[in-house]
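Participant: starting from these lines, generate the structure:
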Amino acid sequence: MEKDTVVKDRIATILPLLNERQSRIYLAAEAKSIGWGGKSKIARLSHTSRKTIAKGQQEPQGQECTNRIRKAGGGRKKIIDKNPEILLKIKDLVAPHTIGDPMNPLIWTSKSVRKITAELVASKYKVCHEVVRQCLKTLGFSLQ
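Facilitator: As a prediction, the model looks like this:
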């Protein structure tokens, strides 16, 4: 039977190279190789929960590995998806300050992105300057 330090060193070497799913499967394999009490021992040595290791044991082993770690559609929804009217609000805010030749696709605004953001925040929209910049790009503005 291997000493705990050898297993702990092996885990510390391999875990940083793996994603979440791979880590769970690897720790489950380590626990299985130990046998009875392996889950508890590996959980203690790797500083993970027994639940994580159990989840790794339940995952299908022969499944083809994809680049996705989490389910599609997860994460925070974009502000444009939640409030599609924000594009119209930005367009209204920058309309008096729009510069450029109407025949040329290059248009820009003399109003700064941060000032537009401040006006949107005053209008009860929760946005940051980066979102406003992306919205201006969507609307066809060239950022100067």
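Participant: partner strands of the lowest-mean-pLDDT helix or strand in the chain, parallel or antiparallel?
Facilitator: Ranked by mean pLDDT, DSSP states H and E, the helix or strand of the chain with the weakest confidence is strand 98-100, at a mean of 75. Sheet pairing of strand 98-100 (DSSP bridges) gives strand 107-109 (antiparallel).
Participant: the strand it pairs with - what's its average pLDDT?
Facilitator: In this model, strand 107-109 has an average pLDDT of 80.
Participant: got a list of what Ser49 touches?
Facilitator: Residues near Ser49 by C-beta atoms under 8 Å, 6 or more residues apart in numbering: Ala43. (Each C-beta comes from the backbone N, C-alpha and C, glycine too.)
Participant: how close does it sit to Arg24?
Facilitator: As judged by C-beta to C-beta, to the nearest Å, Ser49 and Arg24 stand 11 Å apart.
Participant: ok, now Ile107?
Facilitator: Following C-beta to C-beta, the distance that separates Ile107 from Arg24 is 51 Å.
Participant: in this protein, where is pLDDT below threshold?
Facilitator: Along the chain, the parts satisfying pLDDT under 70 run over 1-2, 61-70, 102, 144.
Participant: Gln134: neighbour count?
Facilitator: Using other C-beta atoms under 10 Å, Gln134 has 15 other residues around it.
Participant: for His129, same thing?
Facilitator: 15.
Participant: try Leu106
Facilitator: By other C-beta under 10 Å, 11 other residues sit near Leu106.
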